[in-house]
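In: pasting a predicted model and its sequence here:
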Amino acid sequence: MPEWIHIVLRSLAAVAIIFLLTRILGKKQISELNFFEYIAGITLGSLAGFISTELESHFMHGVTSILIWFLIPYLFEFFTLKSKRLRSWVEGDGTVFIKEGKVLEENMKKERYSTDELLEQLRKKNVFNVADVEFAVLEATGELSVLLKKENQPLTPKHLGIKIGPEQETQTVIMDGSIMDEPLATRGLSREWLQTELEKIGVTIENVFIGQVDTYAQLYVDVYDDMLQLPQASQNELLLATLKKCEADLALYGLATGQETMKRMYGELSKKTAQIVESVTPLLQR
């Protein structure tokens, strides 16, 4: 058998073995690696390359070596889940760089971290002023976690006292001109509803590149023809305008009537409608 066929077969076997072992080790092995996982990953790749091309070496010897390097991080990962001390020794602990707005230079020296590197990592977090930072820690994975001071944190509905309903995952209901039935069912919608929404904006399913439904059952559509301008969904705006009109009408009826009882009733209804409008406005103005 020609040598190149041997290399092909050995390479395919090595790829299959590495793929299987990586799947067993889990997603952590291919995301944020600690020191030990980094070393194990490099070694496993080197061994796979070695047994693929070194025809004079015994293939099973290389497989045995790969299995050993697989078992070591696998067992360490199992035991570190049980022991905080072992986890700290293997994975390391985070190092505080900024505390209460003060840069801790000694901690940076221990990690051999320069000021330029700190500023670079802050910029990656969209922080360009060190004075805006309350707390920053270098995680064991090498990523810098940053907490801004209260006055520099972005406003949220909670800060404004606005209650927001729970968000649901956006579902992709059309992909490449085909309807995705499972996401539709997940959102409790039907093909008939989808067809009706598409008719409102004047497109067919075959012309849709991607279609998504958000928490509030609003359909977003992107078509293949980038020059085609689609009308924006306006159901929310119409509902909000109708509620505001009801509020104004009730207030007007209260001013127009001459009966005190009716005037008070219309006034109370107008106030209640205004409260409803205020509560649903953040949901409808999206």
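Out: Structure received. Numbers count the residues shown, from 1 in each chain.

In: may I have the beta-bridge partners of residue 221?
Out: residue 211 (DSSP bridges).

In: show me what contacts it?
Out: Applying CB atoms under 8 Å, 6 or more residues apart in numbering to residue 221 gives the contacts 174, 198, 201, 203, 208, 210, 211, 230. Where C-beta positions appear, they are placed from N, C-alpha and C, glycine not excepted.

In: buried among those? Need that as a selection in ChimeraX.
Out: To isolate the buried ones among the contacts of residue 221 in ChimeraX, judged by 16 or more other CB atoms under 10 Å, type:
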select :174,198,203,208,211
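
In: which of the contacts of residue 221 lies closest to residue 124?
Out: Set against residue 124, the nearest of these by CB to CB is residue 210 (29.4 Å).

In: and the gap between that closest one and residue 154?
Out: Distance, residue 210 to residue 154, using CB to CB, to the nearest Å: 29 Å.

In: what does residue 223 give?
Out: Noted for residue 223: a distance of 33 Å to residue 154, by CB to CB.

In: who's more crowded, those two?
Out: Just comparing residue 223 and residue 154: by other CB atoms under 10 Å the higher neighbour count belongs to residue 223, 19 against 6.

In: chain neighbours aside, what residue packs nearest to that one?
Out: Distances taken as CB to CB, 6 or more residues apart in numbering put residue 207 closest to residue 223, at 5.0 Å, once the chain neighbours are dropped.

In: and the nearest residue to residue 138 once chain neighbours are set aside, what are its phi and psi?
Out: The shortest distance from residue 138 to any non-neighbouring residue, by CB to CB, 6+ apart, is to residue 95 (4.6 Å). Note on residue 95: backbone dihedrals following degrees, to the nearest 10 are phi -120, psi 120.

In: the one 5 residues further on too?
Out: Backbone torsions of residue 100, given as degrees, to the nearest 10, read phi 50, psi 40.

In: helices and strands around the biggest helix by length in the chain, which ones?
Out: Longest helix in the chain, counting residues (DSSP state H): helix 260-284. Under the contact criterion of 3 or more CB pairs under 8 Å, 6 or more residues apart in numbering; DSSP states H and E, helix 260-284 touches helix 235-256.

In: what's the helix it packs on packed up against?
Out: helix 260-284.

In: what angle separates the helix it packs on from helix 235-256?
Out: Helix 260-284 runs at 160 degrees relative to helix 235-256, counting by axes from the mean of the first three to the mean of the last three CA atoms, to 10 degrees.

In: residue 183 is in contact with residue 174, isn't it?
Out: No: counting by CB atoms under 8 Å, residue 183 stays clear of residue 174, with 9.2 Å between them.

In: coming back round to it: state the distance from the residue nearest to residue 138 to residue 66.
Out: For residue 95 relative to residue 66 (CB to CB), the value is 34 Å.
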